[in-house]
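> Let's see this in three dimensions:
(one chain, ligands or ions: 1)
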Amino acid sequence: MDRKPSSHRPHYQHQHYSSNIEHKTPEQPHYYPLKTDTQPANKGSGCVSPESVQSSRLPHNPQDPGQAYVQQYFQSRQAMITTASVPQRRQYQQQQQAMQINERLAEIDRRNAIKKLSEMRMQKNMQTVDKNMEALKELHASIPAINKIFDVQCRIGSGTFSTVLLGTLQGERCLLETQRRRFAIKHHNPTSHPERILRELECMVRIGGVDNVIGINCCIRCNDNVAFVMPYMTHDRFHDIYKLLSVQEVREYMRNLLIALRHVHRFNVIHRDVKPSNILFNRRTGKFLLCDFGLAQRIAEDGSVIQASDFGAFSFLRDKDAVKNVMLQDGNSAQAEAEDYMANRKMRALGGGGGVDHPLKGPPSFLKFREPLTKKDMANQKADTLKLLNRLRFMSPQTNPDNYVVPSVSVKKEMHASRAGTPGYRPPEVLLRHPHQTTAVDVWASGVIMISMLSAMHPFFKAPNDCSALAEIMNLVGDISVRKVAFMMDRLVLLTQKRNPLDLRRVCMRLRYAEHFLAPEMQRRHRRADGSTEMCRGCDQPTFNCLCRNSAHKLESYDGLDMFPSNAYDLLSRLLEVNPEKRITAEEALKHPFFSDQQRIASGVPLHQQHQLVARDSMPATAARTLKPFVSYPVELASATNI
Ligand SMILES: Nc1ncnc2c1ncn2[C@@H]1O[C@H](COP(=O)(O)OP(=O)(O)OP(=O)(O)O)[C@@H](O)[C@H]1O
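Residues are numbered from 1 along each chain as shown. Next comes the predicted model:
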């Protein structure tokens, strides 16, 4: 049989099909558009003739099967309309009108929603502008002296106790904008306790300006309003960068933080508010500053807290020479920042330093060509991650958040224990209400920052109150270590459930590389014959991904997946040591192998000076250029202390 090649068949079929249509077209009845007395045809009735469709879109082509379908559709509809009775037609018209009204209403709703959204956006922008203006006005009104020294540009941040504004010196108006030094003007809320302001001022003057600790240029007071003038530093929001940092950057970040803490701790001062928002870190230049000493406390040799009024707060002010010699940091011009960045880039090109140019290691080859995830896989992965988060955040509903820890010896007189700090960064000794707190409080907080970077989860601890904060810590490190420490501190922790300690490295890896841990092929490989997956009761994870520290399960190894070396986790476990007496100090931590195998690069120090730093960890800040310190203190306080 003479068969046509298969490639010709569609053409043949198409021709056949078209001829069918052509055959039908002559028999087609004429189209009578539906007309009523009040409505012109094709307007408002929702009826469109096939001719009008054809003429408005394409030239009529009877060979086109698409057009043929349109014609057929209208023919059948027209047949229905023409054969329908008057009430049926009216009903049809009413339906069409209702549809149109609905469409119009939907359109109006859509337009209103867009209008409302843009109004809300504008309102938000205006609120920000308002807040900026408000902050500027407030500063000008409450400390008029500021107007004579600074051009205050805008608000750069605000916390619970202050508003921080950006200012440049009026004396430098003749310079290019990029060359003008920039200052952060911290305007304390007048409701802030004077002791708090004084404490912060003293810390900044005595401790600040060196070793990554923010310094102060001057302090201006007018009645109950106080403003600190500090060098301004452009910085990255931790929230924007914590997932992106390379190993080298994490190393530099932690080292700079520990250098700052070591310096602060040498003065027997606990910062008490170490958290990312109090750290100014510039990813481009590698510069790092620890700021906000508003909660700082000085501790006596016996471990008791020295109150701010006994802090010797004014002793340094009495010594006028000491004030003159205060190491001041310069304001930071945009040009100086750009130069720092170039120096850093050069350093990286030579193989040292942190920074953004380091490429991230890709996934290991065995996981590189993974099959795409189905919706079901993604849902499973989400559920699995949620289980882990629930496990980490779990607190029994029976727990009484106001009475979770009691003194084990009830006859002992209860002592005051400081709770100052930010939720999520408080260590076990603070949550256990231990009165003798040490600089180890800050070391724990640095560990919390490190775990956020290693696990790519921020905030890592998210508890709304101290009780659930302690529960979160126990969910990670196990209940036994916390109960032991509590016992040591004469405290009894009331528990409703036991908790296994988790393996820090696997927890961080599981959160950071979730897609690898939950790869469908991995899950399939470990699935039982009945389709279920064996789960570990200790950590609520599949047994092959068990996160328990002493897991007895056969684990998937994920060799080579993690970009962080094992000594990073070793350091982490020492920073997050539950027992404050055993916790590593900042000084010891700086000697940890996590840092020692790397070339030391000090933040913000030009390349040619870096070799001098081998024996030292950081440089003192550059000397003041022109800005003279201006310190003013309340008349009442001055007379009270005989200054
Ligand atoms: N020297 C500076 N350079 C640039 N920005 C700064 C500087 N000092 C502070 N900021 C910005 O202002 C914000 C608030 O500053 P700071 O933490 O000192 O105020 P606070 O009122 O004590 O805040 P909190 O209530 O969070 O403790 C910081 O998070 C930071 O973004």
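> okay, now the residue in the chain that the ligand sits nearest to: neighbour count?
Nearest residue of the chain to the ligand, counting by C-beta to the nearest ligand atom: Gly159, 1.8 Å away. In this view, the C-beta of every residue, glycine as well, is placed from N, C-alpha and C. For Gly159, the neighbour count with other C-beta atoms under 10 Å is 14.
> where's it relative to Gly294, distance?
For Gly159, the distance to Gly294 equals 8 Å [C-beta to C-beta, to the nearest Å].
> for Asp273, same thing?
7 Å.
> And for Leu245?
27 Å.
> can you check Lys148 too?
From Lys148 over to Gly294 the distance is 27 Å, taken as C-beta to C-beta.
> same check, this time on Met489
27 Å.
> Next: Met509.
From Met509 across to Gly294, the span is 36 Å (C-beta to C-beta).
> do Met230 as well
Distance from Met230 to Gly294, by C-beta to C-beta: 13 Å.
> what about Ser158, how many neighbours?
Neighbour number of Ser158 under other C-beta under 10 Å is 15.
> typo on my end, it should be Thr533
Look at Thr533: counted by other C-beta under 10 Å, it has 16 neighbours.
> Just give the nearest non-adjacent residue to it, would you?
Pro542 (4.8 Å; C-beta to C-beta, 6 or more residues apart in numbering).
> Then Gln381?
That would be Leu518: by C-beta to C-beta, 6+ apart, it lies 4.1 Å from Gln381.
> I figured that neighbour was touching Asp384, is that so?
Yes. Using C-beta atoms under 8 Å, Leu518 makes contact with Asp384 at a distance of 5.7 Å.
> between Lys148 and Gly294, which one's more packed in?
Gly294 (23 against 7).
> Might you report the residue contacts of the more buried one?
161-162, 192, 196-197, 199-200, 273 (C-beta atoms under 8 Å, 6 or more residues apart in numbering).
> go again using 10 Å as the cut-off
Applying C-beta atoms under 10 Å, 6 or more residues apart in numbering to Gly294 gives the contacts 159-162, 186, 188, 192-193, 196-197, 199-200, 203, 271-273, 278, 420.
> could you flag which of those are buried?
161-162, 186, 188, 192, 196-197, 199-200, 203, 271-273, 278, 420 (16 or more other C-beta atoms under 10 Å).
> How many residues are close by the residue nearest to Gln381?
Counted with other C-beta under 10 Å, residues neighbouring Leu518 total 22.
> got a list of what it touches?
Taking C-beta under 10 Å, 6+ apart as the criterion, Leu518 is in contact with 373, 377-378, 380-385, 510, 541-542, 545.
> please redo it, this time with the cut-off set to 8 Å
Leu518 touches 377, 380-381, 384-385, counting by C-beta under 8 Å, 6+ apart.
> can you pull the pLDDT of it?
You'll see Leu518 listed with a pLDDT of 82.
> Gln95 too?
Note on Gln95: pLDDT of 89.
> again with Ala623
For Ala623, the pLDDT comes out at 30.
> Same check on the one 4 residues further on?
Listed pLDDT for Leu627 reads 36.
> same thing with the one 5 residues further on?
Taken from the predicted model, the pLDDT recorded for Ser632 is 33.
> One more: the one 4 residues further on?
On pLDDT, Glu636 comes in at 40.
> Thought Asn268 was touching Ala296, still the case?
No. When contacts are counted by C-beta under 8 Å, Ala296 is not listed as touching Asn268 (10.7 Å).
> More neighbours: which of the two?
Shown here are Ala296 and Asn268; by other C-beta under 10 Å, Ala296 has more neighbours (24 against 14).
> What backbone torsions are found at that one?
phi -60, psi 150 (degrees, to the nearest 10).
> can you check Ile473 too?
Taking degrees, to the nearest 10 as the convention, Ile473 sits at phi -60, psi -40.
> From here on, call the first residue 56.
Sure, I'll start counting at 56 from here, so that last one is Ile528.
> which non-adjacent residue is nearest it?
Pro483 (5.9 Å).
> if I pick the one you found, what's in contact with it?
Contacts for Pro483 were tallied using C-beta under 8 Å, 6+ apart; they are 499, 525, 528, 537, 540-541, 633, 635.
> No further questions, thank you.
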